[in-house]
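Undergrad: return a 3D structure for these sequence lines:
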Amino acid sequence: MSKILIVEDEVKIARFVTLELQHEGYMVEVAHDGRTGLALCESWQPDLLILDLMLPELSGIEVCRRLRQNSDLPIIMLTAKDDVSDKVMGLDMGADDYMTKPFAIEELLARIRVCLKKHRSSSAAGSGTLTAGKLRIEPANYSAKFGDESIALTKKEFDLLHYLWQHENNAITRDELLSHVWGYEFAGDTNIVDVYIRYLRQKIDDRFGVKTIHTIRAVGYMFRYE
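TA: Okay, here's the model as predicted:
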């Protein structure tokens with residue numbers, strides 16, 4: 001039975017989600033501020049965290065940032081805001097998924113199942129190092145290097161690079177990247193893929209003078225080291 005922690009300061013929303021999750025067979029704990037939520041993550045060890053962005057004590061962004069220092073706990077962020085910059089901020093801090101209030105409980109349940117499944121698959125996938133030229137990534141610890149220089153990638157940047165690399169020399173559509181890297185489709189919001197591709201190119205291609213991520217016109221992107 002999976003354990004889910006809800007960190008949400010709106011009591012009615014927290015109670016509603018709790019009842020629905022319990023009905024689905026999950027074990028649930030609730031915190032109404034970021035500091036308590038962070039402490040529960042450490043003491044209760046949940047399998048997934050549902051985290052509101054705007055919280056008293058510690059913001060959801062800060063909770064996420066601290067957790068990502070030593071944990072790959074799946075995190076779904078909730079917020080009343082609906083702006084690409086907020087999505088990018090949450091994902092940059094390491095959130096696995098993002099939902100805007102109000103939301104359909106059926107969609108939240110579906111995303112929970114996807115996050116849990118992806119996390120289990122990732123944990124079981126092993127730690128094989130991928131190498132291309134001087135570029136190297138180690139999925140087990142989310143590290144990336146070019147020669148002896150470390151490349152600081154956010155979790156979502158790493159996940160995107162890893163997925164493209166696993167399909168080296170194959171063109172991958174934006175929709176496929178959304179489905180496999182983000183775990184769901186942003187409604188018509190495929191431009192977030194382009195945003196993260198730009199981040200990767202700045203950190204790898206531009207910095208080291210190589211070509212790794214190629215645009216395939218009218219399709220998407222391809223990883224090929226040059």
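
Undergrad: show me what the lengthiest helix in the chain is packed against.
TA: In terms of residue count, the longest helix belonging to the chain (DSSP state H) is helix 105-124. On a contact count with 3 or more CB pairs under 8 Å, 6 or more residues apart in numbering; DSSP states H and E, helix 105-124 meets helix 11-23, strand 48-52, strand 75-79, strand 97-100. For the C-beta atoms, the positions are set from N, CA and C on the backbone; glycine is no exception.

Undergrad: rank these by pLDDT, which is bottom?
TA: Set side by side, the helices and strands packed on helix 105-124 differ in mean pLDDT, and strand 97-100 is lowest with a mean of 86.

Undergrad: partner strands of the very next helix or strand once past the longest helix of the chain, with direction?
TA: Using DSSP states H and E, the next helix or strand after helix 105-124 towards the C-terminus is strand 130-132. Note on strand 130-132: by DSSP bridges, its sheet partners are strand 135-138 (antiparallel).

Undergrad: and the contacts of the strand it pairs with?
TA: Residues outside strand 135-138 that contact it (CB atoms under 8 Å, 6 or more residues apart in numbering) are 127, 129-130, 143-146, 158, 161-162, 165, 204, 208, 210, 212, 225.

Undergrad: CA atoms of that strand as CSV?
TA: Extracted C-alpha coordinates of strand 135-138, given in CSV (Å, rounded to 0.1, in the frame of the first residue of the first chain):
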residue,chain,number,x,y,z
LEU,A,135,29.9,13.8,-22.3
ARG,A,136,28.9,11.3,-19.6
ILE,A,137,25.8,10.9,-17.5
GLU,A,138,25.1,8.6,-14.5
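
Undergrad: which strands and helices lie in contact with the helix-or-strand element of the chain with minimal mean pLDDT?
TA: The weakest-scoring helix or strand in the chain, judged by mean pLDDT, DSSP states H and E, is helix 84-92 (a mean of 73). Secondary-structure packing of helix 84-92 (3+ CB pairs under 8 Å, 6+ apart): helix 60-67, strand 75-79, strand 97-100, helix 191-200.
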